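Asks: Structural data only, the sequence is not supplied:
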């Protein structure tokens, strides 16, 4: 890896493969989750409030194509040169429905003339052979990416945050997806209750064993009104929290242990301040966080996967 690219940027991947940035447009297909509707649990994940990362143009009572049109208008303000977009089925579990309903929603999104493909956010326990076979068929002519919310490599944590699935279920879903040649990503959260800094660092070696194309990492943010907020107040010592500089240094250490071919889509999350219990890093934006990470990697003359060489 050269000094100009010290980690594998997902934005760089799209520019390299497709010659341009492909901006995601969030779509709300009206889904729910099995740990919300009583199928396996109720209440959902203890940290989750979907409205905290749900743009106003995307609501399930608006037709899919209208949501896409509104999303394109929204993003054109910031990315004026964007011409092609990915329809991002994001809120809740976007494969948690009968296959026939999924076909209608996905194919409607793909019919939009500016949509190059779809990104499907879901849970490891909400896919099966039939659904993945269908997605593999779609992927023959379109970009299709499945993003799995895994959040932690440790079953004790998954149980504590009411995920309702195990890490082995996540591994199997990833393997089934990879077997069909479908591009896939995963989400992980740093700072979940009961996990030490060493636990988080050690998770890199576990993630390295997964057939992943890309990852999103988020620092835990305590969202108001969630069960996690109540737990944070009552059991503050169970949580590792990072000052901004500490998080940058932590992530550098993590990155040195991460497989170098895995693309990093993001390494920290942004939640609108009005939803947060605390705002420890102030109003800093993701673009500035990226600059800080790149600067620290340069200062330490290190890079993604260095300790694996």
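Replies: Done, it's in. Quantities reported herein were computed from a predicted structural model and do not represent experimental measurements.
Asks: for the stretch 101-250 of the chain, what are the low-confidence residue spans?
Replies: Nowhere does the stretch 101-250 of the chain drop to pLDDT under 70.
Asks: where does the residue nearest to residue 12 when sequence neighbours are not counted land in three-state SS?
Replies: Of all residues not flanking residue 12 in the chain, residue 5 sits nearest, at 7.2 Å (C-beta to C-beta, 6 or more residues apart in numbering). To be clear about C-beta, it is placed using only N, CA and C from the backbone, and glycine gets the same treatment. Secondary structure assignment for residue 5 (DSSP: H, G, I helix; E, B strand; the rest coil): coil.
Asks: ok now do residue 292, which residues does it touch?
Replies: By C-beta atoms under 8 Å, 6 or more residues apart in numbering, the residues touching residue 292 are 244, 248.
Asks: cool, residue 75 as well?
Replies: By C-beta under 8 Å, 6+ apart, the residues touching residue 75 are 23, 25, 82, 85.
Asks: could you pull out the strands for the stretch 151-300 of the chain?
Replies: 183-190, 214-219, 263-266 (DSSP state E, counting those that start in this stretch).
Asks: The ones you listed: which one's closest to residue 300?
Replies: Taking C-beta to C-beta, strand 263-266 is the member of the strands of the stretch 151-300 of the chain nearest to residue 300, at 16.9 Å.
Asks: Against which helices or strands is that closest one packed?
Replies: For strand 263-266, the elements it packs on are helix 10-18, strand 214-219, judged by 3 or more C-beta pairs under 8 Å, 6 or more residues apart in numbering; DSSP states H and E.
Asks: The residue nearest to residue 12 reaches residue 13, doesn't it?
Replies: No - using C-beta atoms under 8 Å, residue 5 is not in contact with residue 13, being 11.3 Å away.
Asks: These two: who's more crowded?
Replies: Taking other C-beta atoms under 10 Å, residue 5 and residue 13 do not tie; residue 13 has more neighbours (17 against 13).
Asks: So which bits of the lengthiest helix in the chain are buried?
Replies: Scanning the chain for the helix with the most residues, using DSSP state H, yields helix 286-300. Residues 289, 290, 292, 293, 296, 297 are the ones in helix 286-300 that count as buried (16 or more other C-beta atoms under 10 Å).
Asks: Helix or strand for residue 107, just tell me which one.
Replies: Element membership of residue 107 [criterion: DSSP states H and E] is helix 99-110.
Asks: about what we covered before: and the helices and strands packed on strand 263-266 as CSV, adding distance to residue 138?
Replies: Shown next, in CSV, are the helices and strands packed on strand 263-266 (distance: least, C-beta to C-beta, whole Å):
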stretch, distance to residue 138
helix 10-18, 17
strand 214-219, 19
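Asks: Just name the most buried of those.
Replies: Ranked by mean neighbour count, the helices and strands packed on strand 263-266 are led by strand 214-219 with a mean of 20 (mean count of other C-beta atoms under 10 Å).
Asks: what's that one packed up against?
Replies: strand 183-190, helix 244-256, strand 263-266.
Asks: Quick check: neighbours of the first one in the sheet, parallel or antiparallel?
Replies: Using DSSP bridges, the strands paired with strand 183-190 in its sheet are strand 143-151 (parallel), strand 214-219 (parallel).
Asks: Residues touching that strand, excluding its own?
Replies: Residues from elsewhere that reach strand 183-190 (C-beta under 8 Å, 6+ apart): 47, 139, 143-153, 170, 174, 177-178, 200, 203, 207, 210-220, 242, 247, 250, 263, 265.
Asks: Return the members of these classed as buried.
Replies: Applying 16+ other C-beta under 10 Å to these flags 47, 139, 143-153, 170, 174, 177, 200, 203, 207, 210, 212-220, 242, 247, 250, 263, 265 as buried.
Asks: Tell me the helix or strand right after the helix holding residue 107.
Replies: Immediately after helix 99-110, counting by DSSP H and E, sits strand 115-122.
Asks: Quickly note the distance from the residue lying closest to residue 8 once chain neighbours are set aside to residue 91.
Replies: Once flanking residues are discounted, residue 8 sits nearest to residue 263: 4.8 Å by C-beta to C-beta, 6+ apart. Between residue 263 and residue 91 the distance, using C-beta to C-beta, to the nearest Å, works out to 23 Å.
Asks: returning to that earlier point: what separates the helix holding residue 107 from the chain centre, distance-wise?
Replies: Its chain's C-alpha centre and that of helix 99-110 lie 21 Å apart, by C-alpha atoms, centre = their mean, to the nearest Å.
Asks: Could you verify my assumption that residue 106 touches residue 117?
Replies: No - counting by C-beta under 8 Å, residue 106 sits too far from residue 117 to count as a contact (10.1 Å).
Asks: Before I go, just wanted to say thanks for your time.
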